[in-house]
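J.: okay, sequence plus prediction incoming.
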Amino acid sequence: MIKDTLKDADRKMGKTIESLKRELASMKAGRANPAILDRIEAEYYGKMTPINQMGNISVPEARMLVIQPWDKNALKAIEKAILKSDLGINPSNDGEVIRLVIPELTEETRRELVKKIKRSGENSKVAIRSVRRDGNDKFKELKKENDISEDEIKKAEAEIQKKTDRFIKDIDDIVEKKEREVMSL
């Protein structure tokens, strides 16, 4: 039972790290990265569809994305979705493809982006600690049911704390790397 709880905690903490990586990848950092479009959806035949499922997205230049929809009728919907998004980029539509020029980041924009990155990191740490707390609660529940001894509980709590520390260090490393990337552009 303890091993199952520890495996479950490990899996959930790993998912938190993956979620943070996806979130940070979708933040525009002055470079063209197709991941910034991952969370944007356009209305396509009455259904909200992610832009990355509506056509090819390429990076012909360091600061430009090109979206080539499979269906030319989707151009207007994609353009509208990008304009409504929080990207702050004006798409240019030539009837065949949509071009997005990623603007240079100003010093102020960089600082704001770093704040967002740190906030995302903190939210991930809170999620990791929540997983630890849930695991510790399960261990205490098992003790109440007399399924495990006090020593086993201490050992399990120490093990889950090690996992927590390792994942929090991973979060710090990921956040620091993204901050360096943003500030060095």
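T.: Cool, the structure landed.

J.: which elements pack onto the helix or strand harbouring residue 125?
T.: Under the criterion of DSSP states H and E, residue 125 resides in helix 107-144. Where contact means 3 or more CB pairs under 8 Å, 6 or more residues apart in numbering; DSSP states H and E, helix 107-144 is packed against helix 2-25, helix 150-184. All C-beta atoms are positioned from the backbone trio N, CA, C, and that covers glycine.

J.: now it: mean pLDDT?
T.: For helix 107-144, mean pLDDT rounds to 90.

J.: got it, and stretch 10-20?
T.: The pLDDT scores in stretch 10-20 average 93.

J.: what's the answer for stretch 147-156, then?
T.: The average pLDDT for stretch 147-156 rounds to 86.

J.: can you mark which positions in that stretch are buried?
T.: Residues 148, 153, 156 are the ones in stretch 147-156 that count as buried (16 or more other CB atoms under 10 Å).

J.: tell me the contacts of the residue most central in space within the chain?
T.: The residue lying closest to the centre of the chain (CA atoms, centre = their mean) is residue 23, at 1.9 Å. By CB atoms under 8 Å, 6 or more residues apart in numbering, the residues touching residue 23 are residue 120.

J.: could you check how far it is from residue 38?
T.: Distance, residue 23 to residue 38, using CB to CB, to the nearest Å: 10 Å.

J.: do the same with residue 131
T.: Residue 131 is 25 Å from residue 38, where distance means CB to CB.

J.: same question for residue 166.
T.: 27 Å.

J.: returning to that earlier point: which among the helices and strands packed on helix 107-144 is found nearest to residue 115?
T.: With distances scored as CB to CB, the stretch of the helices and strands packed on helix 107-144 nearest to residue 115 is helix 150-184 (10.1 Å).

J.: and the angle for the closest one with helix 107-144?
T.: With axes from the mean of the first three to the mean of the last three CA atoms, to 10 degrees as the basis, helix 150-184 and helix 107-144 are set at 170 degrees to each other.

J.: still on that earlier bit, neighbour count winner among residue 131 and residue 38?
T.: When residue 131 and residue 38 are compared for neighbours, residue 131 comes out ahead with 21 against 16, by other CB atoms under 10 Å.

J.: give me the number of residues near the nearest residue to that one once chain neighbours are set aside?
T.: Counting by CB to CB, 6 or more residues apart in numbering, residue 131 lies nearest to residue 12, which is 4.6 Å off, once chain neighbours are set aside. Using other CB under 10 Å, residue 12 has 17 other residues around it.
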